[in-house]
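Colleague: with the input below, show me the fold.
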Amino acid sequence: MRRTRVRRVPEFVEVIYSEDHWRLLRELRSQALRVMSIFASSGIRVWLHGSLARGDVSAESDIDIVIPVRTPAYLIEYLLEKNNYKPRNCYIVVATPTSTPKGVIVLDDYERLVVSFPLFDFKPQELEFYKFGGYLEYNELLENKRVPGVNKNLVLIKPTPRGHEELPVIGWEDYVAKLLGVDIEVIMERVKVLTRRDEVGRTGVFAKIALLPGESFEEALKRLFRERGILHKIYGSR
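Modeller: Residues are numbered from 1 along each chain as shown. All right, here's what the predicted structure looks like:
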């Protein structure tokens, strides 16, 4: 995996997209729409998160589809399989001991087309994390909108008609918070996490387990609770 580097030197530049870039963005968004429509047509709220929402895609961009509201895992799996999407892998991921456990369903061999969803209700600050990176609702994607957000290099991506502007985050935290509509504490926390990752390399997640053949997300969550007792203390009674 290519390592991202935090951009510490302020730069203010406009990036003009080539026709190839616009074509790639359309193709990736088309793939995302096909999956998102499955949930939207069933009344399930669904987001597209990250570079596809902002527009600064590359050939390595993930298609990161998020169901932000707690939804039964079996229903998500049923809707996908009903529409001929066979999961390649399924995981439960917990970023930190206090982070909400998430289910992740991988829909391709390269693990770049994924659907994730909370196994408990997201905390308000976790929802703001998605605003930090930028996300689109299904209807907004249908309207071909793009939104500002911060990439993994800690660069603010601000869409323009010709492409996007790049602005620094470090030193401009107040401006970024106001533009994205998130609490300044969210910006400071993400700066801290991403700069540390840049200094020491990938720091990983607190817990990640793959579902066993025939195992449900509920069964896998119980197994994770047995392995990581602190999670059972936090979430076991919910």
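Colleague: poorly predicted segments of this protein, please.
Modeller: Low-confidence segments of the chain, defined by pLDDT under 70: 1-11, 198-203, 237-238.
Colleague: can you give me the helices in it?
Modeller: 19-40, 51-54, 73-82, 124-133, 138-142, 173-180, 184-200, 217-227, 229-235 (DSSP state H).
Colleague: can you list contacts of the last one?
Modeller: Residues from elsewhere that reach helix 229-235, judged by CB atoms under 8 Å, 6 or more residues apart in numbering: 94, 97-98, 101, 120, 207, 224-226. In this view, the C-beta of every residue, glycine as well, is placed from N, C-alpha and C.
Colleague: 6 Å - rerun?
Modeller: Here helix 229-235 makes contact (CB atoms under 6 Å, 6 or more residues apart in numbering) with 97, 120, 225.
Colleague: for those residues, which single residue is the most surrounded?
Modeller: Neighbour counts for the contacts of helix 229-235 (other CB atoms under 10 Å) peak at Phe225, which has 17 neighbours.
Colleague: returning to that earlier point: which one of the helices of the chain is the most hemmed in?
Modeller: Highest mean neighbour count of the helices of the chain: helix 51-54, a mean of 25 (counted as mean count of other CB atoms under 10 Å).
Colleague: Pro161 - how many residues pack around it?
Modeller: Pro161 is flanked by 7 other residues according to other CB under 10 Å.
Colleague: quick check on it: phi, psi?
Modeller: In terms of degrees, to the nearest 10, the main-chain angles of Pro161 are phi -60, psi -30.
Colleague: cool, and Val147?
Modeller: phi -130, psi 150.
Colleague: what number of residues lie near it?
Modeller: When neighbours are counted by other CB under 10 Å, Val147 registers 19.
Colleague: got the contact list for it?
Modeller: Contacts of Val147 (CB under 6 Å, 6+ apart): 53, 134.
Colleague: for Leu136, see how far away it is.
Modeller: Going from Val147 to Leu136 by CB to CB, to the nearest Å gives 6 Å.
Colleague: again, but for Pro168
Modeller: Separation of Pro168 from Leu136 (CB to CB) stands at 24 Å.
Colleague: Ser99 too?
Modeller: According to CB to CB, Ser99 stands 23 Å off from Leu136.
Colleague: do I have it right that Ile209 meets Arg226?
Modeller: No - contact between Ile209 and Arg226 fails when scored by CB atoms under 6 Å: they sit 10.9 Å apart.
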